[in-house]
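**Q** pasted the sequence and its predicted model underneath.
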Amino acid sequence: MRKVFLLISFSFLSFNVNAQTSDAVNEWPLVQKTLNMYIEGQATGDSAMVASSFHDSWQLKYFAENKFNIVTKSKYVVGYKKHPKSPNWSGRIVSIDITNTVATAKVEISTSKLLFTDYFNLMKINQDWVIVDKISTRTPHKTVETPTVQTKG
């Protein structure tokens, strides 16, 4: 009897784990879509696209010049100007972790001079995934100066 009980318990546990994994797999493309909307909006300066990936309560939090800073959604999207994507610009989703109706993600955006690393918290609200907040840091790309070769002549 004990073996039967253990077998039934294990079966229910296995089913529950598989159901959660399946849900996360089903939600993955939807979270990815929201993140790609953000990345594409960043690439082209499309403030409407970036804003549509954010919840209205969205905030950016970062540390610069020995100060903790918070920027609201309305202030963040004001400075955008549409432009073609730069050839020196790239963006990619590094990771996504989903549990039920919440997710975290790491995104990297590389410009000619800086690598931005953004960490997002997302929530599924009314069947849509939205970014509810972001923390960010940036790192200058390492540059190497090559000595010029002088020819005798």
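**A** Nice, I can see it.

**Q** now Arg92. Nearest residue, chain neighbours left out?
**A** In this structure, Arg92 finds its nearest non-sequential neighbour in Glu108, 5.6 Å apart by Cβ to Cβ, 6 or more residues apart in numbering. C-beta: built from backbone N, CA, C; applies to glycine.

**Q** part of a helix, is the one you found?
**A** No: read with DSSP: H, G, I helix; E, B strand; the rest coil, Glu108 is strand and lies in no helix.

**Q** hang on, isn't it packed against Phe120?
**A** No: applying Cβ atoms under 8 Å as the test, Glu108 and Phe120 come out as separate, 11.9 Å apart.

**Q** which parts of the chain are helices?
**A** For the chain, helices defined by DSSP state H occupy the ranges 2-44, 47-52, 73-76.

**Q** other residues contacting the second one?
**A** The contact list for helix 47-52, computed with Cβ atoms under 8 Å, 6 or more residues apart in numbering, reads Met37, Tyr38, Glu40, Gly41, Gln42, Lys73, Tyr76, Val77, Val78, Tyr80.

**Q** dump the residues you listed to TSV, plus pLDDT.
**A** Shown next, in TSV, are the contacts of helix 47-52 (pLDDT from 0 to 100):
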residue	pLDDT
Met37	97
Tyr38	98
Glu40	97
Gly41	97
Gln42	96
Lys73	96
Tyr76	94
Val77	92
Val78	92
Tyr80	89
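
**Q** wait, which of those is closest to Ser95?
**A** Tyr38 (14.9 Å; Cβ to Cβ).

**Q** what pLDDT does the model give the nearest residue to the closest one once chain neighbours are set aside?
**A** In space, and not counting its chain neighbours, Tyr38 is closest to Ser53: 4.2 Å by Cβ to Cβ, 6+ apart. On pLDDT, Ser53 comes in at 97.

**Q** was I right to think Ser53 contacts Met37?
**A** Yes: counting by Cβ under 8 Å, Met37 is a contact partner of Ser53 at 4.5 Å.

**Q** tell me which of those two has more neighbours.
**A** Ser53 (23 against 19; other Cβ atoms under 10 Å).

**Q** who's in contact with that one?
**A** With Cβ under 8 Å, 6+ apart, Ser53 has these contacts: Thr34, Leu35, Met37, Tyr38, Gly41, Val130, Ile131.
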